[in-house]
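J.: no letters, just coordinates:
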């Protein structure tokens, strides 16, 4: 098993990108990554692409081949594979790329994520996202994706001392960070009042508790750590890659307010990297909804169950806090092109570790973590990356 | 002895008052309530229809008595608001009560008497020993055109009667019918709302047929109104049954328990069946009940019913399902706007 | 949802038919044909759930998927059935009424339709027990 490094990164801006179709998004992100690694395309040995639902969003399957073709690599006949785990598609694509390199099977591998969500009506978009849950026993009876997370919030707030204002602070903090991230969908800061006055989506979650519909693509390139310096002066080592699964339905979980897959993947990642929470300088967590960030911080072990609300309100997860969470702006402010998010999280951590995060830069960033969730927690991928 | 083995009712919780409908159309509520004898009517929930009402009524019937649904050999549902023009409500009911697949089924339509026609059919199948039990249901979510007289009374509800031979709670000694081709009230295929002949629906419609069937039964059985403890008539409003009762020689006390229309409205195929259920809810062994339904088009079915000891036995647990009075309690009132949404009266963009 | 896909699960949708393991008495809804605890020593039989349960958590949906838009706001909940398994379902009650711990029982309602001309999807919802 070889050590793996990230040698190049690229990301489009995230937002409603009317002029960019699915293919244009990927090509843009891919080109940026190749440029960043000073790599020419024919050196790519394999590609893994995270994408949740091109079939429903743009009536297109066979994404691996499509992307290889539009990346100009079809005639090189490289293996190109689409990876899907709903909102964790990107995280899993990254993990597959890491495994390919670590195993020695491939050398230079692209891990990308792309989602084009605005070519369909918003109604069709939200219905497609419901496919991340259990269509038969959740979607069919009237559950929506925000509705499922709202039920987590109701359960959590019934059992733990989380206030509505503390929950809103998650979105406020993420917008603050997003306003300092050039690629983020939302560039404006908001207040707690903005959140509390926004339209109710599924009680208690309001519009500003929910990540948006977004177009975007991100790509990173991984290589054997021993060869990384051929391509970059700032190789970032993959210190751990972990993935876990859990029941598809929320109602079958052991504990509605705990994502056991996050707990399992998080513990495994720390064990593989031989690190503890104190070693992590910043973490990108999966805040598809504000309550998801609350659970994530606790389930990854950065604070005790029931305390993430106070932890957030006290500023511990802000840029200046004990453990900055979602310096990119998270899914809420940066945007959530579903399949791309997991790769964007790696992109953000790599930028932080390379000291390229501009106004969001965390001082002396050495080790970062990413946390990517599929559905209401049926799939989780956790990665730890470090500057060496 | 062929009779009623068990019965069940379902009435949706929502109501709208006659005065609220009158307010919208600029009519005089007191005149309308005074003229019809109806004060409020039931309204289905957004997710209710004649099938869901029929299922709930049937399930309520089966809660009251220990019957193996697999012994139900026939299911007939009478309605003028079947959810499908083609695909029987009876199949959905059969499935939802666990009676499928070894049974026969069909939907009936005969305006407001489709439910009692189903009772008669079940009686024939049971009496001939073709089946052990037959389930007859009258269920409707009736429509009345906006501002039409019928809008004040067209209501939602249903009742289910399980017919059998073995230890009935009420024996049906006799039934007979009076049927003619009379265009008093109709709805053409594809139309949203029914039409009617105004005052023509009275004498040539309701009264001719109810009196025709009732007098036919009296002749065939040798009985007369004074032989009955109670009487139930089809109730499109409160005035018609009160008048026909008087015409035939029944007293207001006899028809009182079965006269629920003032607080319920006209549940069309459910009307006579719910009236009968309300009467059975308070009936005692040996009470006799006369019932005569009416369906526009037109026809009436008359029944001679006698309550047995079984109604108070351990075999029949009336309190395991709600009675008509309980279903009429705790209503949720709607204004006309919400009522129109519930009844699909607002044209939506698809 | 295609007609076949709806039809296939009618026993579960209309009548809450699940299974139980006669070895360990664990109940399953939707049905499982294999007991994950007992494995080869398990004995699976059909079980018709009584339809009684308790609300574990809930939300009130204001922004719904297309087929449910006409019903908003509506209550969605996770219910713990008395026999053990949990399920997700709508609760027929006013949004203000629903509480964690509330007792509910099953009722037969229209869940959705396949547009104006497709089939009607009937199924089970729950109402508060008075």
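T.: Yep, it's here. No experiment lies behind these values; they were computed from the predicted model shown.
J.: with adjacent residues omitted, what lies nearest to residue A:128?
T.: The shortest distance from residue A:128 to any non-neighbouring residue, by Cβ to Cβ, 6 or more residues apart in numbering or on different chains, is to residue A:56 (4.3 Å). (C-beta placed from N, C-alpha, C; glycine too.)
J.: for that neighbour, give its distance to residue A:288.
T.: Going from residue A:56 to residue A:288 by Cβ to Cβ, to the nearest Å gives 18 Å.
J.: quick one: which of those two has more around it?
T.: Shown here are residue A:56 and residue A:288; by other Cβ atoms under 10 Å in any protein chain shown, residue A:288 has more neighbours (28 against 16).
J.: contacting residues for the more buried one?
T.: A:87, A:145, A:149, A:210-211, A:331, A:336, A:373 (Cβ atoms under 8 Å, 6 or more residues apart in numbering or on different chains).
J.: change it to 7 Å
T.: Residue A:288 is in contact with A:87, A:149, A:211, A:331, A:336, counting by Cβ atoms under 7 Å, 6 or more residues apart in numbering or on different chains.
J.: for residue A:214, see how far away it is.
T.: 12 Å.
J.: what is in contact with those two at once?
T.: Common contact partners of residue A:288 and residue A:214 (Cβ under 7 Å, 6+ apart): residue A:336.
J.: mind listing the helices for chain B?
T.: B:18-25, B:29-36, B:50-63, B:89-96, B:114-127, B:208-221, B:239-248, B:252-255, B:261-264, B:271-282, B:324-328, B:336-342 (DSSP state H).
J.: now do the fifth one, average pLDDT.
T.: Just to be clear, that refers to helix B:114-127. Summarised as a single mean, pLDDT over helix B:114-127 is 98.
J.: am I right that residue B:79 is in contact with residue B:142?
T.: No. Judged on Cβ atoms under 7 Å, residue B:79 makes no contact with residue B:142 at a distance of 8.9 Å.
J.: which of these two has more residues huddled nearby?
T.: The neighbour comparison of residue B:79 against residue B:142 (other Cβ under 10 Å) goes to residue B:79, with 32 against 29.
J.: could you find the closest non-adjacent residue to that one?
T.: Closest to residue B:79 by Cβ to Cβ, 6+ apart is residue B:50, at 4.4 Å.
J.: OK, contacts around the one you found?
T.: So residue B:50 contacts B:79, B:81-83, B:89, B:139-141 (Cβ under 7 Å, 6+ apart).
J.: next, count neighbours for residue A:187.
T.: 14.
J.: wait, residue A:296
T.: Residues within reach of residue A:296, counting by other Cβ under 10 Å, total 26.
J.: what element comes up after the helix or strand hosting it heading to the C-terminus?
T.: Using DSSP states H and E, residue A:296 sits within helix A:290-299. The helix or strand immediately downstream of helix A:290-299 is helix A:308-313, counting by DSSP H and E.
J.: chain center to that next one, what's the gap?
T.: 21 Å (Cα atoms, centre = their mean, to the nearest Å).
J.: got the buried residues for it?
T.: A:308-309, A:311-313 (16 or more other Cβ atoms under 10 Å in any protein chain shown).
J.: whichever residue of the stretch 101-250 of chain A sits closest to chain B: what secondary structure?
T.: Per Cβ to the nearest Cβ, residue A:142 is where the stretch 101-250 of chain A lies closest to chain B, at 9.8 Å. Secondary structure for residue A:142, judged by DSSP: H, G, I helix; E, B strand; the rest coil, is coil.
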